[in-house]
Every structure is written in structure tokens, then in C-alpha cells.
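**Student:** prediction below, plus the sequence it came from.
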Amino acid sequence: MFGFLTAPCASCRSQEHSVYRAHFCGLCNRLRQDYGLPMRFLVNRDATFLSILGNALDPTETVPESATCCNPLGKPRWVVQKGDSVSYAAAITMCGLKAKLDDEVEDRRLWCSAVPVRGLRGIVSGALSKAEDHLNQVGFPVDRVQEALSEQSLIEKFATTSGKANLEDLSRPTSFSFGKIFAHSHERAGESLEQIGQCLGRVIYTMDAWVDQKRDKGDGQFNPFLVQPQLLTTVPQMVNRDLQTMRSAMQGLPLFSHRELVELILGRNLEKTCASIMAGNGRMQQSSTTGKKRKEARQNGFCSWCDVIYCCDCGSCDCGSSDVGASDCDGCCCSDGCLDCGCGCDLCCCDCG
């Protein structure tokens, strides 16, 4: 998962944010319950959106229940932790971990540097097998997706050897995988969902490569824009085309609930995220600022628990501080800013706060 699907701002989209938080914390609990306590740290925005989308497509919406989130001794909150959608999102998250570990092993140039990754993969193998079994039971094409992802390194090697990078070809494994993930998020509107997923996969691959140019150059890793820098000029048109296709496909989705939230995350928020990155204001430029804001937040009394646990890097986590979850866009609540709040910032990281 890549984290480009940002959350709604708590201070200006309170209703949508409450729904988002319920699914985010519910997914965290589902990962813990199904795959073990350490797996709760894998909770992420992309999988949270998948849970919301599946729930929105279901005519019998899952009712939130009162439960604790990251702190078992904290005050209970409303979470969506049961139902097919959240179980599917949790299983996809686990398989995303497997793909990431496999990719890390492939990228390690020295055999000895791959040993720790192989060791970690062995430790979590039981949980990964359980997730794959769940996906197979619901008809998800696990083998086809894994086969597609395994072709990524071959496509990149060909691009490196030939000196020609084609974004359509390079993004195909990600596009195919996201298409299948979305199509199987619910039995309704599979064709439209697959189209949305394919477009989103291309956008995410392209934006991720754009953001990682400097890092990949320093690490000696593959990046299509390092192989063929002139590709940068084609990105805006390609991304805008996919975003427009997604907007059109979303209008036809038979959503029974959360339509405004789905269209906000996959529409306006994603569009602004892409525009910000292409304008040079994306995550690559903001990393130092993010760290500084989080340090200031800790010094000003924000919850340090939430700052070290990914599932609650945003505040309002009932972890012992009454000051957590400030309503403005400072501190740990919005370390990258907010998209929809008029406070002059570009990106939003308000996950569950």
C-alpha cells in the first residue's frame, strides 16, 4: 500500500472523518484479531478506503460497535471491525505485506542483506497463509495477482537494458492488481470497480515513482524517470486522463452509503495530492517538515503514544492526554496539512484522530 488516499480533515469534515476513523480503527482491530497483535501496525489508508468502499456498496451497512482501539485501557469508541468488507481489507493488507517483503528480497543486491527480510517473511508466514486462504475462499485471484506482481522486476530490467521506459508497461502489474482488488471488494459493480482500480494503480505507480526519484537515484534503484527523464512531461496528461476516468466510473457506482466520503477520498483529495506532488510540494519535500512538526507536538503535550504507533499518528486516541486531537491544523493531527480546510496546507494525514 502506498498511502496516497488521504483522510478527510477532522476540523472541517467532522462527519466524514468520524466514519473514516471508525473504519480505520476497526481495520486495526481486525488485523490484530485475525493475524496477531503485531499486524495491527500494518493498518493503512488504502486498505481503510477499501473497507469503506465495500461497506458503502453493501445494502446492509455494517453497524459500528463500541470498542477500544490502540490502547486497550483507553475509552471505547465506535469502530467498524466486523463484516466481509473489513475482513477482506485486512486480508489484502497482509498480502500487501507479502508483496513488499518479496520485493525487498528482490531489491537486495547482496545475499547477506536479504537474510533479515527472509527471516521476517518466515516469522509471519502463518499469518500470510491465513490471509491467502481467506482471499481464495472469496474468489480473489491470488495466484494471478502474485504472478502479475512478479513480472515487475522483468519489466524494469528490460527498461534499464533498452534505455526506454514506458509508463503504461511499467505500471501494468500495479494497475492489474489494484483492478482485481477493487473488483472483488464487493460483488456489485465489478466492472466499474475494476476500471477504477486499474486507473488508480497507474496513478499510484506514477506518483510513487515521481516522489522517489531522489531516493532511488541515491540508492541505485530503478526509477522510470531516471531511465528516461523526458517522461516527466507526459505525466500530467496521463494522470489527468486516469483521474477523469475514475470520476466518471464513480458516478455509476451503486453506493448505499458514504458516497460523499468515497468521492472525496478518491476524487478531490486524490486530485489535489497528485497536483501537489507534480508541483513539487509532495511527500519528498515535506519529510523534514513533518518530523519537525511531530517533535513540536510532543513538546507541546500531544500524545507521544500516537506519535510512535502508525495507526494513530493523528491524535484523539484516548491514550491519557486530554489535549490530543486539536481542532486546528498543527501538531501531530495534521503533520502534512489538510486538503479541505482552508488553512493553506496541501496534504492530509488525519487518519483516526
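**Tutor:** Ah, there it is. Residues are numbered from 1 along each chain as shown.
**Student:** strands of this protein, start to end?
**Tutor:** 65-67, 77-79 (DSSP state E).
**Student:** what's the separation between V203 and S150?
**Tutor:** 22 Å (CB to CB, to the nearest Å). All C-beta atoms are positioned from the backbone trio N, CA, C, and that covers glycine.
**Student:** now R215
**Tutor:** 23 Å.
**Student:** now stretch 129-145: mean pLDDT?
**Tutor:** Mean per-residue pLDDT for stretch 129-145: 95.
**Student:** cool, stretch 12-28 as well?
**Tutor:** The model assigns stretch 12-28 a mean pLDDT of 92.
**Student:** just give me how far that stretch sits from the chain centre.
**Tutor:** Remark: stretch 12-28 is offset 15 Å from the chain centroid, using CA atoms, centre = their mean, to the nearest Å.
**Student:** before we move on, what about stretch 44-63?
**Tutor:** 14 Å.
**Student:** T68: neighbouring residues, count only.
**Tutor:** As a burial measure, T68 scores 15 neighbours (other CB atoms under 10 Å).
**Student:** counting contacts, what elements does the biggest helix by length in the chain pack onto?
**Tutor:** Assignment by DSSP state H gives helix 84-107 as the longest helix of the chain. Counting contacts by 3 or more CB pairs under 8 Å, 6 or more residues apart in numbering; DSSP states H and E, helix 84-107 packs against helix 14-35, helix 45-57, helix 111-123, helix 125-137, helix 142-150.
**Student:** check these for me and report the most buried one.
**Tutor:** Among the helices and strands packed on helix 84-107, the stretch with the highest mean neighbour count (mean count of other CB atoms under 10 Å) is helix 45-57, at a mean of 25.
**Student:** out of the helices and strands packed on helix 84-107, nearest to K75?
**Tutor:** helix 14-35 (12.2 Å; CB to CB).
**Student:** between that closest one and helix 84-107, how big is the angle?
**Tutor:** Taking axes from the mean of the first three to the mean of the last three CA atoms, to 10 degrees, one finds helix 14-35 and helix 84-107 inclined to each other by 70 degrees.
**Student:** give me the helices and strands touching helix 14-35, please.
**Tutor:** helix 45-57, strand 77-79, helix 84-107, helix 125-137, helix 259-263.
**Student:** go again with 6 Å.
**Tutor:** helix 45-57, strand 77-79, helix 84-107 (3 or more CB pairs under 6 Å, 6 or more residues apart in numbering; DSSP states H and E).
**Student:** send the alpha carbons of it over as CSV?
**Tutor:** Backbone C-alpha positions of helix 14-35 (Å, rounded to 0.1, in the frame of the first residue of the first chain) are rendered in CSV as follows:
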residue,chain,number,x,y,z
SER,A,14,-16.2,16.0,11.0
GLN,A,15,-19.0,13.7,9.9
GLU,A,16,-16.9,12.1,7.1
HIS,A,17,-13.9,12.0,9.4
SER,A,18,-15.9,10.1,12.1
VAL,A,19,-16.9,7.5,9.6
TYR,A,20,-13.3,7.2,8.4
ARG,A,21,-11.9,6.9,11.9
ALA,A,22,-14.4,4.1,12.7
HIS,A,23,-13.2,2.1,9.7
PHE,A,24,-9.5,2.9,10.3
CYS,A,25,-9.6,1.8,13.9
GLY,A,26,-11.9,-1.1,13.1
LEU,A,27,-9.3,-2.4,10.5
CYS,A,28,-6.6,-2.0,13.1
ASN,A,29,-8.6,-4.3,15.4
ARG,A,30,-9.4,-6.7,12.6
LEU,A,31,-5.8,-7.2,11.8
ARG,A,32,-4.9,-7.8,15.4
GLN,A,33,-7.8,-10.3,15.9
ASP,A,34,-7.3,-12.2,12.7
TYR,A,35,-3.5,-12.2,12.2
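**Student:** cool, thanks, talk later.
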